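> next comes the sequence, and after it the predicted model I'd like to discuss.
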Amino acid sequence: MTTINNYVLETIDLCKKYGDLVAVDNLNLKVEEGIVYGLLGPNGAGKTTTILMLLGLTEPTSGQALVNGYDPCRSPLQVKSMVGYLPDNVGFYDEMSGEDNLLYTAALNGVARDEAQRRVKHALKRVGLSHAGHKKVGQYSRGMRQRLGIADVLVKDPKLIIMDEPTLGIDPEGIQELLSFIKDLAKEDGRTILLSSHLLHQIQQVCDKVGILVKGKLIASGTISDLEQQLLSQEEQMELELKAVPWEEKLAGICETIDGVDKISWQNDMLLLECHKDIREDLVRELIASNYCPTHLALRGVSLDSIYLRYFHKEEEYHGKGS
Amino acid sequence: MERAAKWQNTKADLTRIFEANKGLATVVRKEVGDHLSGKRFAILALLVLVTCLGSLYVAASTIRTNVGQDELEFVFLRLFTTSGSSMPFSFLSFISFLGPLVGLTLGFDAINGERDRRTLSRVLSQPIFRDALINGKFLAGVIVISIVVFGLGFLVAGLGLIMTGVPPTLGELARLITYLVLSVIYISFWLALAILCSLLFRQTSTSALAGIAIWLFMAFFLTLLAGMAADGIYPVNDNSDSQQIIANAKTEQMISRISPAYLYSEAVTSIMNPAVRSMGPVLLEQAYGAIKGTLTFSQSLLLIWPQVVCLIAEMLICFAIAYISFMRQEIRA
């Protein structure tokens, strides 16, 4: 069954339940061709489960996933030959060399021997492992394994690459290298890439679009600037961070007098003001008039990490009220 | 025309079968390579080889010293069944003892090992059906077992020929090959069981121990239990009549036959010893007046046929359970 649309990846009310636990809850995910999509969510949000359903390695309880128009449950081979999957903490056969591991993958994909050798050589070169191809994988470092994992995906020459927590356990330099590589894969090779991560700031520079998945639900999806706007417009409540000198208790009293402030709380080394309109101008004037000098004033929710955090908080509040 | 259409059909069927087993050959090739180059297998193969050669030496020398004393029919078969005073085990008993260990060793980490190394999800995300992996692993194991069993069998046969100088008859050769095929089936049962354990237990060490525990139970304790159970159902004392004694013996035998180890030992001792005519209890009056003689190969085969069928069935059931549980298992670690 094929449907004609421009989504490489689409899920329609995808659900997965493990007994009482709902791992993925009516997920409607759409990924256009040629973009890098970041699937974000805390641990246990259902990212890996979603990915496994996309690959047909786990059967959905209800709903449907479509990869390039194919249902992974009904035509698993078509889907699997199109999709390269890099699992989190990718594993290889330690007693075989890196090259042999990749040749095995190529053979499983039905690539002829000569062509396989060419592809393996090329893939190893691309990830910078040409020198280590003959070494046993048991001797590889964590970073090298990850790179071999990418080479393993490249051997398949897939249309869509799915990476599950690719940045996990790699040093910062390695992460930068990996991210620029991912960018290359999307921009130069024109492949579609789905990344999952629980660290937004690590992958925000490469993702064209992100989706935030919490407790199996996609609670926001779109480009990063879309998300910012969505959040700000939705939010009736704003949070301001304030630091000022002199730093003293009386500061709170001054803030209270400003129209629009609902709640004031001390948080570590700053004052957190909850208000229902933008009071930044009034606040600064008032502070200066009272001989205080603001040293830090920021609107929460503007940095992406705080968007992300707030989404989680919102979700928790929502569940807290529900129960 | 009709023939052409038929051929088209067969061709389509073949393509379908081929497609359904995509990747199977690759998996088999890799697994056989892994087994044969692995240290674990090398150690075990060496152990089996040394013990078998030892048993051959003892058998050959026993046969030589006994020349002229016994009637020496089926000298070739005796190479495999004779044990000496210095080594109380024959080739037959070594294979039945060490064979299960080979099977368990080849399979105990088949699936949970892949899980441990985190290769399972990577391999299954390649365009192969899930069963290609487990079928491939089982087939590879069976191939390796066949190589070992036939290699050893023919090695011992060849060396025995040189040592005794008595060539085998056609019947003897047929018996030997039947014996080797039976051994492959028997060891494959333990392979299937080990693969099943590797699916049921996430830890490789647990699955190895579970396999060995089942083997010990089947090989040694089940016969003891069978005796106890039979005594419970049909108590036998000095005054018991023959009916009771026979019922007791039959019950014990039937319970013992649950164990593939027992089935195998019954089957191989009968096929390798043409003088064995019956496997159940025989009354003196039934044996009285019987002419001493041996069975032909086909008659021996007929005698062990139920055992052979049961062994194959037990192996297949074991593998089928493993197969089904693998198809249903979650991939994620």
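Structure received.

> going by C-alpha atoms from here, please, whenever you check contacts or count neighbours.
OK.

> can you list the residues of the stretch 1-150 of chain B near chain A?
Taking Cα under 8 Å from any Cα of the partner chain as the contact definition, the stretch 1-150 of chain B meets chain A at B:22-23, B:26-27, B:30, B:117-119, B:121-129.

> whichever of those end up buried, select them in PyMOL.
Under the burial definition 16 or more other Cα atoms under 10 Å in any protein chain shown, those of the residues of the stretch 1-150 of chain B next to chain A that qualify are selected in PyMOL by:
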select buried, chain B and resi 22+23+26+27+118+119+121+122+123+124+125+126+127+128+129
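
> could you tell me how many residues sit around B:Val28?
Using other Cα atoms under 10 Å in any protein chain shown, B:Val28 has 22 neighbouring residues.

> in the stretch 1-150 of chain B, where is pLDDT below threshold?
When residues are selected by pLDDT under 70, those of the stretch 1-150 of chain B lie in B:1, B:68-72.

> need the strands for it, in chain order.
Using DSSP state E, counting those that start in this stretch, no strands are found in the stretch 1-150 of chain B.

> where along it do the helices fall?
Assigned by DSSP state H, counting those that start in this stretch, the stretch 1-150 of chain B shows helices spanning B:2-20, B:24-37, B:39-65, B:75-81, B:91-107, B:112-116, B:120-124, B:130-164.

> B:Arg202 is nearest to which of these?
Comparing those against B:Arg202 with Cα to Cα, the closest turns out to be helix B:112-116 (5.5 Å).

> coming back round to it: can you redo the helices of the stretch 1-150 of chain B as TSV with distance to A:Asp88?
TSV is the format used below for the helices of the stretch 1-150 of chain B (distance: least, Cα to Cα, whole Å):
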stretch	distance to A:Asp88
helix B:2-20	29
helix B:24-37	23
helix B:39-65	30
helix B:75-81	53
helix B:91-107	26
helix B:112-116	13
helix B:120-124	10
helix B:130-164	20
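
> those: which one's closest to A:Ile51?
A:Ile51 lies closest to helix B:120-124 among those, at 11.2 Å (Cα to Cα).

> would you map out the domains in chain A?
Annotated domains of chain A cover A:7-222, A:236-322 [automatic domain parsing].

> pLDDT on the shortest one, on average?
I take that to be domain A:236-322. For domain A:236-322, mean pLDDT rounds to 75.

> check the first one too.
The predicted model assigns domain A:7-222 a mean pLDDT of 91.

> for the stretch 101-250 of chain A, what spans make up the strands?
Counting by DSSP E, counting those that start in this stretch, the strands of the stretch 101-250 of chain A are A:160-164, A:192-197, A:209-214, A:217-222, A:238-245.

> among the ones you listed, which is nearest B:Ala249?
Nearest of these (Cα to Cα): strand A:160-164, 62.2 Å.

> who's in contact with that closest one?
Around strand A:160-164, the neighbours that count as contacts under Cα atoms under 8 Å, 6 or more residues apart in numbering or on different chains are A:8, A:48, A:51, A:82-88, A:153, A:191-197.

> in the stretch 151-300 of chain B, what residue comes closest to chain A?
B:Thr204 (15.8 Å; Cα to the nearest Cα).

> give me the nearest residue to that residue, chain neighbours excluded.
B:Asp109 (5.4 Å; Cα to Cα, 6 or more residues apart in numbering or on different chains).

> any idea how far the one you found is from A:Tyr104?
In this view, B:Asp109 and A:Tyr104 are 20 Å apart by Cα to Cα, to the nearest Å.

> more neighbours, the two?
Shown here are B:Asp109 and A:Tyr104; by other Cα under 10 Å, B:Asp109 has more neighbours (26 against 19).

> look up the pLDDT of the residue of the stretch 151-300 of chain B closest to chain A for me, please.
94.

> up against chain B, what does chain A have?
Counting by Cα under 8 Å from any Cα, chain A sits next to chain B at A:55, A:57-58, A:76-81, A:84-87, A:89-93, A:104-105, A:107-110.

> drop anything exposed from those residues.
Counted by 16+ other Cα under 10 Å, those give A:55, A:57-58, A:76-81, A:84-87, A:89-93, A:104-105, A:107-110 as buried.

> which of those residues fall in helices?
When these are checked against helices (DSSP state H), the matches are A:Pro76, A:Leu77, A:Gln78, A:Val79, A:Lys80, A:Ser81, A:Tyr104, A:Thr105, A:Ala107, A:Leu108.

> which residue packs closest to the fourth one, ignoring adjacent ones?
Read that as A:Val79. Distances taken as Cα to Cα, 6+ apart place A:Pro72 nearest to A:Val79, at 5.7 Å, with adjacent residues excluded.

> which element is that neighbour on?
Assignment of secondary structure by DSSP states H and E places A:Pro72 within no helix or strand.

> residues from the stretch 201-333 of chain B in reach of chain A?
B:Glu330, B:Ile331.

> so where's the stretch 201-333 of chain B uncertain?
In the stretch 201-333 of chain B (pLDDT under 70), the answer is B:333.

> and if we set it to 50?
Along the stretch 201-333 of chain B, no part satisfies pLDDT under 50.

> any idea which of the domains of chain A is most buried?
domain A:7-222 (a mean of 20; mean count of other Cα atoms under 10 Å in any protein chain shown).
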